[in-house]
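**Q** coordinates only, no sequence provided:
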């Protein structure tokens, strides 16, 4: 089986995804079946109240452990998968078959192999490249025998003949008993019964009841990008809960005690209470010792901040809170005083002395703020399957799971990333004239979509986030994509490694909005990155010039430049040649972009 990074488990793969291995395709099982969280899983817990309480309905977050943490050699797998799909195609005899017997044969017409293990491996390597999926998220083998209209009522073949190759319309599938046929191109374009199966919820060698589903399934290639689209929640760790002590106090077991008992009267009382958690194996002795190493005043202050943290109700509130903290740190810096303990570095750091104001073309003053340290949390909330472009009916399959050691508690797989970034805003608080007051034909189209979002959100993946239609959001989002490509030239990072985070604060009464963007790069681990982004801040004028240079030109013009946003469309003037970036960079799936809007209001 091919190896995947833990970050790939969130952005690309995860439960329900199909991996291509040397011995055939495998489906990734749900974590409770994967055998990876044995013993005490809380040692792998990631803590963040804003994300857990606000966006995940109180569920906990666990990171995937490494082989080293589990004491397993790097060459050994630690996460279980299962064979899928189960139908195979023997190209030697053009036989479509499903191996079910523990014998030495794979293809019914091929000679026996040396043992049953080798026969199963051969059948897996010959796995058919087609599966069936429905918009509700179910996945199953194609009912190959069932899609044929048999000429005999009792016709139940164990294998089928496969004629033709190349285009789907050139392939025919035939029953060897009644000789009824179906064209694969015709079958590919039709709706089929959905079994309601979720193979990631089935352990190897087991089956579960398949209740059926009201949605219609479609045949789709197992490697198609739309077979599984991850839904990811991301948050930036912000003041005031950005220290290592705050992270420890937000552990599920400790926070539950704090919520129930409130702020303790003194340090000794609190440490005594935590000792009971150690005895119940809810936390480790190492965690207790680390908390106890802090002074009483530090502990009590941090407890108060943890208990009073603002919990957002949706993604817009979560980002708006981050935006306000970034604005405050850009003005005053953070942290206000150096850490008192060696190695106790903050998870969020801005040196106010390094902040710059740039007036590029005498129009708008841009404030460029280097963020020397940041911590980002990513959680895969679920995924969608969109066969045959059925976006409107696509439902999110929840990726939550429960563990035997903690029944009744939901968990999600997440990842901690540390790095650096550049925050850009207009400093409207000090320079009100900088506020974006977008007008013109292009801005009016987007403003109409913001006011009438019900006419635009139906056939999209925006999850009813109407604020992404606001022209100020589109302006910042478009600007961010141009900057990502410009930064990739000098920063030492590829454009795929630079990520965006777009901020918006809207006055619902007037429709006016303030906004900004954070471009950052991050990687797993606590050391972060090497400062390639921050090093460009002293000469950021060159980056801005490159980002805005030739904005009015695109190799796909005039088709690209003449594109107009409207109902049923995701973008205005935007294509791969001028604006679209890697999916790892854009949090909004390259939607709500318009080069013409930025052209009409150059900074």
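**A** Thanks, I have the structure now. Worth saying up front: this structure is predicted, and the values here are computed from it rather than measured.
**Q** wait, what's in contact with residue 26?
**A** 1, 18, 19, 81, 82, 83, 84 (C-beta atoms under 8 Å, 6 or more residues apart in numbering). (Glycine included, C-beta is placed from N, CA and C.)
**Q** of those, just say which sits nearest to residue 170.
**A** residue 18 (25.0 Å; C-beta to C-beta).
**Q** just give the nearest non-adjacent residue to residue 562, would you?
**A** Nearest residue to residue 562, sequence neighbours excluded (C-beta to C-beta, 6 or more residues apart in numbering): residue 573, at 7.5 Å.
**Q** now do the SS call for the one you found.
**A** Under DSSP: H, G, I helix; E, B strand; the rest coil, residue 573 falls in the coil class.
**Q** phi first, then psi, for it.
**A** When read as degrees, to the nearest 10, the backbone of residue 573 gives phi -80, psi 100.
**Q** sorry, back to before: so for the contacts of residue 26, which is the shakiest by pLDDT?
**A** Lowest pLDDT of the contacts of residue 26: residue 1, 49.
**Q** on that earlier part again, residue 563 is in contact with the residue nearest to residue 562, correct?
**A** Yes: using C-beta atoms under 8 Å, residue 573 is in contact with residue 563, at 5.0 Å.
**Q** contacting residues around residue 211?
**A** Counting by C-beta under 8 Å, 6+ apart, residue 211 touches residue 196.
**Q** then residue 519?
**A** Applying C-beta under 8 Å, 6+ apart to residue 519 gives the contacts 421, 422, 424, 480, 483, 484, 487, 498, 499, 500, 501, 533.
**Q** re earlier: residue 573 and residue 563 - which one has more neighbours?
**A** Using other C-beta atoms under 10 Å, the more surrounded residue of residue 573 and residue 563 is residue 573, with 26 against 19.
**Q** pLDDT wise, what is the more buried one at?
**A** So, for residue 573, pLDDT stands at 96.
**Q** ok, now which ones touch it?
**A** Residue 573 is in contact with 554, 560, 561, 562, 563, 564, 594, 595, 596, counting by C-beta under 8 Å, 6+ apart.
**Q** do residue 581 as well
**A** So residue 581 contacts 481, 484, 485, 495, 496, 590 (C-beta under 8 Å, 6+ apart).
**Q** cutoff 7 Å now
**A** By C-beta atoms under 7 Å, 6 or more residues apart in numbering, the residues touching residue 581 are 481, 484, 485, 495, 590.
**Q** wait, the second one touches residue 495, no?
**A** Yes: with contact defined as C-beta atoms under 7 Å, residue 484 and residue 495 form a contacting pair (5.2 Å).
**Q** can you verify my assumption that residue 386 contacts residue 394?
**A** Yes: applying C-beta under 7 Å, one finds residue 386 in contact with residue 394, separated by 4.8 Å.
**Q** rewinding a little: nearest to residue 261, out of the contacts of residue 26: which one, please.
**A** Among those, and counting by C-beta to C-beta, the member closest to residue 261 is residue 81, at 43.3 Å.
**Q** the closest one - how many residues pack around it?
**A** Other residues lying near residue 81 total 20 when counted by other C-beta under 10 Å.
**Q** which strand residues bridge it?
**A** residue 28 (DSSP bridges).
**Q** spatially central residue in this structure, please.
**A** Centroid check for the chain by C-alpha atoms, centre = their mean gives residue 232 as the closest residue, at 3.1 Å.
**Q** quick one, what contacts it?
**A** Residue 232 sits in contact with 10, 11, 378, 379, 380, 381, where contact means C-beta under 7 Å, 6+ apart.
**Q** could you list the buried residues of stretch 91-101?
**A** Neighbour-count burial for stretch 91-101, with 16 or more other C-beta atoms under 10 Å as criterion, is recorded at 94, 95, 96, 97, 98, 99.
**Q** and residue 316, which of the three is it?
**A** Counting by three-state DSSP, the backbone at residue 316 sits in helix.
**Q** among the contacts of residue 26, which are in strands?
**A** 18, 19, 81, 82, 83 (DSSP state E).
**Q** ok, residue 29 touching residue 84?
**A** No: using C-beta under 7 Å, residue 29 is not in contact with residue 84; the gap is 10.1 Å.
**Q** show me the contact partners of the one helix or strand residue 119 maps to.
**A** Secondary structure assigned from DSSP states H and E places residue 119 in helix 116-125. Helix 116-125 is contacted by residues 23, 24, 83, 88, 99, 102, 103, 104, 105, 106, 113 when judged by C-beta under 7 Å, 6+ apart.
**Q** now rank these by neighbours and give me the top one.
**A** Most neighbours among the contacts of helix 116-125, by other C-beta under 10 Å: residue 106, with 25 neighbours.
**Q** that residue and residue 22: what is the separation?
**A** Between residue 106 and residue 22 the distance is 16 Å, computed by C-beta to C-beta, to the nearest Å.
**Q** cool, and residue 217?
**A** Relative to residue 22, and taking C-beta to C-beta, residue 217 is found at 29 Å.
**Q** which of these two has more residues huddled nearby?
**A** More crowded of residue 217 and residue 22, by other C-beta under 10 Å: residue 217, with 28 against 9.
**Q** what's around residue 124, how many residues?
**A** By other C-beta under 10 Å, 21 other residues sit near residue 124.
**Q** can you tell me the closest non-neighbouring residue to it?
**A** residue 24 (3.1 Å).
**Q** what sits opposite the one you found in the beta ladder?
**A** Here residue 24 sits in beta bridges with residue 21, going by DSSP bridges.
**Q** tell me the confidence at it?
**A** 92.
**Q** what residues are up against it?
**A** By C-beta under 7 Å, 6+ apart, the contact set of residue 24 is 83, 124, 125, 127.
**Q** those residues: which two are farthest apart?
**A** Across the contacts of residue 24, the longest distance by C-beta to C-beta is 10.7 Å; it joins 83 and 125.
**Q** and stretch 572-589, what's buried?
**A** By neighbour count on 16+ other C-beta under 10 Å, the buried set for stretch 572-589 is 572-575, 578-581, 584-588.
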